[in-house]
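> Sequence plus the predicted model coming up.
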Amino acid sequence: MTAYQSLPKPVLLRRRGVLPGFGLSLGLSVLFIALVILLPLSALLLKAAQLDWPRYWAAISDERVVASYRVTVTAALLASLGNAVIGLLLAWILARYDFFGRRLLDALIDLPFALPTAVAGLTLSALFAGNGWIGQWFAPLGIRISYTYAGIVIAMLFTSLPFVVRTVQPVLMELGEEYEEAAAALGASRAQTFLRVILPTLAPALVTGTALAFTRSLGEFGAIIFIAGNLPYETEVTSLMIFMRLQEYNHGAAAAIASVVLFAALALLFIVQLLQARLPRSHSH
Amino acid sequence: MRRPAGWRQWSLIGIGVALIALLLIAPLLLIFVKAFGQGLDWFLHNLGERDMRRAIGLTLLAAALTVPVNLVFGILLAWCVSQFEFRGRRVLLALIDIPFAMSPVVAGICYLLLFGIQSVIGQWLAAHGIRLMFAWPGIVLVTLFITCPYVARVLIPLMQEQGSSQQEAALMLGASGWQMFWKITLPNIRWALLYGAVMTNARAIGEFGAVSVVSGSIRGQTLTLPLHIELLHQDYNTVGAFAAATLLTSFALLTLLLKSTLEARARRRF
C-alpha cells in the first residue's frame, strides 16, 4: 500500500527553497485534507461525544450490534485466511511459471478492485444461489451459500482477493529461485524448502497482504448486502447496523457504532503501516 | 520464470486456474448471460428506461467532477511531500491513507452528520436554500473523499524516485516555475497521472456504501448506477439489474486493460 516508505530519500530533501511552489502546494494540500477528510471525521466524533457514556455504551453494546461485530470479524478472519492461502498459491504460479494465458490471468486478478461492489454482490448471490451455476452443486449436500453466513465470507473473499497476490508476487519475483535451488542442493526436501526457506522470507509480505484484506473485509458493505440475507443476529454485518440506525433517524447510535468501526480501522491502518515499514528490510538481506 | 514441468507444478497451476475460473471468470460470464438472457430487445429496453438513463448520467457526473479535482489535489500533495522535507510530512502521508482504511458507510455517515439538516452547517445551508445531502452534491463530496488517495499515492513514489535534478536544471537555465511544471514535471509524470485517473474513475463510478448513505435513494433523482442496481434487484427486475451491471462491468474490464498497459509505462522513470 505505501510504497514510498521503501524508497531512498530524494536528493533535494531538506534543501527547501530551490524548487518553487512549496507554500502553494502544501497550503492547498493541507486545506483539502482538512476540509475533505478531517472536518467530516470530526463531525462524527463530535456527534458520538455528545452522547453520555451510558447511552454511548448502550448503543455500541446492543445485543444485535454485538452479534454484528461477531459476524463481521469472524467472517473477515475466515475470508482473509482463505485469501492468504489462495493469494499465496496465485502469486506463486504467476511469479514462477510461464504458461499459456499467464498474462491474462495476471490482469484478471485485479478484477475485484475494478468491479463495483454492487455488481460483485449481485453476481455472486446469483452464482452461489441454490439454482446458480456454483450453488447447485452444493444444494444437494444441504449446503446453502447465498443468503447465509457462507455468502458473507464469499463476498469478502472476492472483494479482497487481490491484496495478498499483489503484496506477495513482487517479493517472490525478487527472491528468485536461487534460494530454493540452494536448499535443494543442500539436501532439503520440498516441504522443508517451503517451510524453512520460502515461507519465512515471504512472511512479512504475506502478513501485510492478509492484514490489508482483513481491513477491507471489515468495511465491506455493497457486495455483502446482496448476498448476506441480512437476518438479525445471524447475517447482519456492522456496516448494515450503522445504516439501519440511520434509517431509524437514530443518528447518535449510528455515530456511536461508526466510531467503534472507525477506531478499529485506524488501529488496523497503524498496524499495517508498521508492517509495511518492515517490508523492504526483510527481503533485502 | 520457467516453463512448468512435472505433475506437481502442473497441478498447482491447475488449481490456480480453477480458482480464478470459479471466482473471477464465472461471475463475469454470468453477468452477460443474465443480462442478455431474455434477448437483446429486453436488454436494450431496460437500458433505455428513464430512471436508468438518469442513473447513468448521475454516475458519469460524479466521476467527471471527482477525477479532475483529485488530479489537482494529487499533484499538489505529491509535489510538496516528494520534493521537500518539512515538519509534519509523515503525518500528512498517514492522513491521506485514512479513506483507504475506512468503511465506506462510515465515510457516508461522517458527511451526513456534517452537512445534514440536523447539523449547524446543514441548517445554515438550508436557510440559504442549498441542499447537499440527499442530492447530487453530497454524492460528489463523498466520492471525492473515497477516491482522494489514489492519484497522490501513485505519484508520490514516482516523483520521489525521479528526484529534482531535471527541474533544478530547468530553473537554472532560466525557466519560470510554471514553465518548469508544464515542460518538465508534467511530462515526466503523465503516465502515472493517467493511471491514477483511471483508478480514481473506476472507484468513483462503482462506489456504493458511502453514496447510499448520503443519496437518500430518491428514484430517478439521486440514484447512481450501483444504487439503481440494488433497486432493480429489490424489484425482482433481474434483466434490468444485470443490464446495468454489464455497463459497470464493461467499464471495469476497460479499466483493467488500461491499468495493465499504463502500469508498465508509469513505472518507467522518464
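Received the coordinates, thanks.
> For stretch A:186-203, buried residues please.
Neighbour counts over stretch A:186-203 (16 or more other CB atoms under 10 Å in any protein chain shown) mark A:188, A:193, A:197-198, A:201-202 as buried. Every C-beta, even on glycine, is put in place using the N, C-alpha and C of the backbone.
> same check, this time on stretch A:50-65
A:51, A:56, A:59-60, A:62, A:65.
> likewise stretch B:232-246?
Buried-residue list, stretch B:232-246, by 16+ other CB under 10 Å: B:232-233, B:237-246.
> Go through the residues you listed and name the one nearest A:F138.
Among the buried residues of stretch B:232-246, B:T238 lies closest to A:F138 (CB to CB), at 21.2 Å.
> Which residue, other than its chain neighbours, is closest to the closest one?
Leaving aside its sequence neighbours, B:T238 sits nearest to B:K34 (CB to CB, 6 or more residues apart in numbering or on different chains; 6.2 Å).
> what kind of secondary structure is A:G130 in?
coil (DSSP: H, G, I helix; E, B strand; the rest coil).
> Now do the phi/psi pair for it.
Backbone torsions of A:G130, given as degrees, to the nearest 10, read phi -50, psi -30.
> residues in contact with it?
Counting by CB atoms under 8 Å, 6 or more residues apart in numbering or on different chains, A:G130 makes contact with A:136, A:139, A:144, A:146.
> Could I have the PyMOL command that selects the buried members from these?
In PyMOL, selecting the buried portion of the contacts of A:G130, with burial taken from 16+ other CB under 10 Å, looks like this:
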select buried, chain A and resi 144+146
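> Can you lay out the contacts of A:G130 as CSV showing secondary structure?
Shown next, in CSV, are the contacts of A:G130 (three-state DSSP):
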residue, secondary structure
A:Q136, helix
A:A139, helix
A:R144, coil
A:S146, coil
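> Would you point out which residue is most central in chain A?
The centroid of chain A falls nearest to A:A213 when counting by CA atoms, centre = their mean (2.4 Å).
> Quick one: residues contacting it.
A:79-80, A:83-84, A:87, A:160-161, A:163-164.
> Of those residues, which are in range of chain B?
Among those, the ones lying near chain B by CB under 8 Å from any CB of the partner chain are A:L161.
> pLDDT weak spots in chain B?
Applying pLDDT under 70 to chain B picks out residues B:266-270.
> And the residue sitting nearest the centre point of it, how close does it get to chain A?
The C-alpha lying nearest the average C-alpha coordinate of chain B belongs to B:R203 (CA atoms, centre = their mean; 2.3 Å). For B:R203, the distance to chain A equals 8 Å [CB to the nearest CB, to the nearest Å].
> next structured bit after whichever strand or helix holds that residue?
B:R203 is part of helix B:186-206, with elements assigned from DSSP states H and E. Elements were assigned by DSSP H and E; along the chain past helix B:186-206, the next helix or strand is helix B:209-215.
> And that next one, what does it pack against?
In terms of contacts (3 or more CB pairs under 8 Å, 6 or more residues apart in numbering or on different chains; DSSP states H and E), helix B:209-215 is packed against helix A:238-247, helix B:104-115, helix B:136-147, helix B:225-234.
> Can you give me the buried ones in the first one?
Neighbour-count burial for helix A:238-247, with 16+ other CB under 10 Å as criterion, is recorded at A:238-246.
> now do the last one
Neighbour-count burial for helix B:225-234, with 16+ other CB under 10 Å as criterion, is recorded at B:225-233.
> those helices in the stretch 1-150 of chain A, which residues are they?
A:22-32, A:39-50, A:53-60, A:63-96, A:102-108, A:111-114, A:117-127, A:135-138, A:149-159 (DSSP state H, counting those that start in this stretch).
> Check which helices and strands the fifth one sits against.
With contacts defined as 3+ CB pairs under 8 Å, 6+ apart, helix A:102-108 has these neighbours: helix A:63-96, helix B:6-20, helix B:238-267.
> how about 7 Å then?
Contacts defined by 3 or more CB pairs under 7 Å, 6 or more residues apart in numbering or on different chains; DSSP states H and E place helix A:102-108 against helix A:63-96, helix B:6-20.
> and if you look at the second one?
For helix A:39-50, the contact count by 3+ CB pairs under 7 Å, 6+ apart identifies helix A:251-284, helix B:104-115 as packing neighbours.
> worst average pLDDT in these?
When those are ranked by mean pLDDT, helix A:251-284 comes last with a mean of 82.
> Please tell me how far stretch B:165-178 is from the chain's geometric centre.
34 Å (CA atoms, centre = their mean, to the nearest Å).
> and which of the buried residues of stretch B:232-246 is nearest to A:S125?
Closest to A:S125, out of all of the buried residues of stretch B:232-246 and judged by CB to CB, is B:H233, at 8.6 Å.
> can I assume that closest one is in contact with B:A241?
Yes. With contact defined as CB atoms under 7 Å, B:H233 counts as touching B:A241 (4.5 Å).
> Identify the contacts common to the two.
Common neighbours of B:H233 and B:A241, using CB atoms under 7 Å, 6 or more residues apart in numbering or on different chains, are A:L122.
> Quick check: the residue of the stretch 1-150 of chain A nearest chain B.
The stretch 1-150 of chain A approaches chain B most closely through A:P116 (2.8 Å), counting by CB to the nearest CB.
> what's the burial count for that residue?
A:P116: 28 surrounding residues under other CB atoms under 10 Å in any protein chain shown.
> now swap in B:Q118 and tell me
Look at B:Q118: counted by other CB under 10 Å, it has 13 neighbours.
> Could you find the closest non-adjacent residue to it?
Distance criterion CB to CB, 6+ apart; nearest residue to B:Q118, sequence neighbours excluded, is A:H251 at 6.5 Å.
> For A:Y56, list the residues it contacts.
A:48, A:256.
> measure it to A:F138 for me?
With distances taken as CB to CB, to the nearest Å, A:Y56 is found 42 Å from A:F138.
> And A:L269, by the same measure?
From A:L269 to A:F138 the distance is 36 Å (CB to CB).
> which of these two has more neighbours?
A:L269 (20 against 16).
> Might you list the low-confidence residue ranges for chain A?
Those would be A:1-17, A:279-285, if you go by pLDDT under 70 across chain A.
> The residue of the stretch 151-270 of chain B found nearest chain A: neighbour count?
Nearest to chain A, among the residues of the stretch 151-270 of chain B, is B:G206, at 2.8 Å (CB to the nearest CB). Close neighbours of B:G206, defined as other CB under 10 Å, add up to 27.
> where along the stretch 51-200 of chain B do the helices fall?
Using DSSP H, counting those that start in this stretch, helices in the stretch 51-200 of chain B cover B:89-95, B:98-101, B:104-115, B:120-127, B:136-147, B:149-162, B:165-172, B:177-180, B:186-206.
> So which of the ones you listed is the most surrounded?
Mean neighbour count (mean count of other CB atoms under 10 Å in any protein chain shown) peaks for helix B:104-115 among the helices of the stretch 51-200 of chain B, with a mean of 28.
> Establish whether it and chain A are in contact.
Yes. Applying CB under 7 Å from any CB of the partner chain, one finds helix B:104-115 touching chain A at B:104-106, B:109-111, B:113-114.
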